[in-house]
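Peer 1: have a look; sequence and predicted model below, questions after that.
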Amino acid sequence: MGAIMSAGAATAQEISLLRAQLERVQGRRLGAAVLPTLPSLASLLPGGGLRAGAAYTVAPSASLLLALLARPSQEGSWCGVVGMPELGAEAAEQLGVDLSRVVLIPDPGARWLAVTATVADVLPVVAVRPGGRVTPGDVARLSARLRDRGGVLLVQGVWPQAEASIAVDASEWTGVGDGHGFLQRRVLTVSVTSRRQAVPRRARLVLPDETGGLSAVPTAAPVPMRAVG
């Protein structure tokens, strides 16, 4: 990964050091109104991408989260991941994440919210698994910071007033025969519920596909009709 904080609980000194490092690499406001995502996900999200200044709740799927980070990191946006020690570099790279633009903080400890806010000050995209409950005041302060900096927050858990909820409705594995064989392909039914959409959008996505990335399940071609006569 681009940078990794210590595995132990992040201290005030470490947070201060992280702030200084990140301000050097990307201490600017994000100019784009919408961050691009992979095409298969863009069709589900309101506005066709991740809206700057907004928070999204994401299903507890590492693959789905990494797929959301892939395109922004490819386009040059730095991404922070807070409180997810199991996130693997190999899986991230297979899904297209630019590891040189990822800051990983595996264990922020009890100060997870302060760490998240610090990272959100200087990085356009921050993914976090909350280490506890948040108050309405906490949400309001971090939301104001996101709007000011033009950042995006991806939360694996509950987050009030989220722009949209990205859920996994079903997961199907293929490749196993009668008690033998290898798991080769997983198809996820992903749905997005948003305040900006009256009806949730759903799609079946292959994750990972043949290339290790993400793609939409091809729709069946129409059967040609035969002339009668």
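Peer 2: In hand now; what should we look at?

Peer 1: what stretches of this protein score poorly on pLDDT?
Peer 2: Counting by pLDDT under 70, the chain contains low-confidence ranges at 1-32, 175-184, 219-229.

Peer 1: again, only using 80
Peer 2: 1-32, 173-185, 196-198, 208-213, 218-229 (pLDDT under 80).

Peer 1: can you show me the helices along it?
Peer 2: Listed in chain order, the helices of the chain (DSSP state H) span 12-26, 39-42, 62-74, 89-94, 112-122, 136-149.

Peer 1: now these as a markdown table including distance to Pro200?
Peer 2: C-betas here are computed from N, CA, C, even on glycine. Converted to a markdown table, these look like this (distance: least, C-beta to C-beta, whole Å):
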| stretch | distance to Pro200 |
| --- | --- |
| helix 12-26 | 34 |
| helix 39-42 | 14 |
| helix 62-74 | 16 |
| helix 89-94 | 27 |
| helix 112-122 | 27 |
| helix 136-149 | 23 |
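
Peer 1: looking at those helices, which is nearest to Arg196?
Peer 2: Comparing the helices of the chain by their distance to Arg196 (C-beta to C-beta), the top pick is helix 39-42, with 14.5 Å.

Peer 1: which stretches of the chain form strands?
Peer 2: In the chain, the segments counted as strands under DSSP state E are 3-4, 34-36, 49-51, 55-58, 79-82, 102-105, 125-128, 152-155, 164-176, 181-194, 201-206, 215-216.

Peer 1: burial measure for Val81, as a count.
Peer 2: Val81: 26 surrounding residues under other C-beta atoms under 10 Å.

Peer 1: please name the bridge partners of it.
Peer 2: Taking DSSP bridges, one obtains Leu104, Ala127 as the residues bridged to Val81.

Peer 1: so it touches Pro108, yeah?
Peer 2: No. Contact criterion C-beta atoms under 8 Å: Val81 and Pro108 do not qualify, at 10.5 Å.

Peer 1: of all the strands of the chain, which lies closest to Ala89?
Peer 2: When these are ranked by proximity to Ala89 (C-beta to C-beta), strand 102-105 comes first, at 8.5 Å.

Peer 1: in PDB, list the C-alpha atoms belonging to that closest one.
Peer 2: The C-alpha trace of strand 102-105 is given here as PDB (Å, rounded to 0.1, in the frame of the first residue of the first chain):
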ATOM      1  CA  VAL A 102      -3.800   4.000  -0.800                       C
ATOM      2  CA  VAL A 103      -3.200   4.900   2.900                       C
ATOM      3  CA  LEU A 104      -4.000   2.000   5.200                       C
ATOM      4  CA  ILE A 105      -4.700   2.500   8.900                       C
END
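
Peer 1: elements contacting it?
Peer 2: Packing contacts for strand 102-105, counted by 3 or more C-beta pairs under 8 Å, 6 or more residues apart in numbering; DSSP states H and E, involve strand 3-4, helix 12-26, strand 79-82, helix 112-122.
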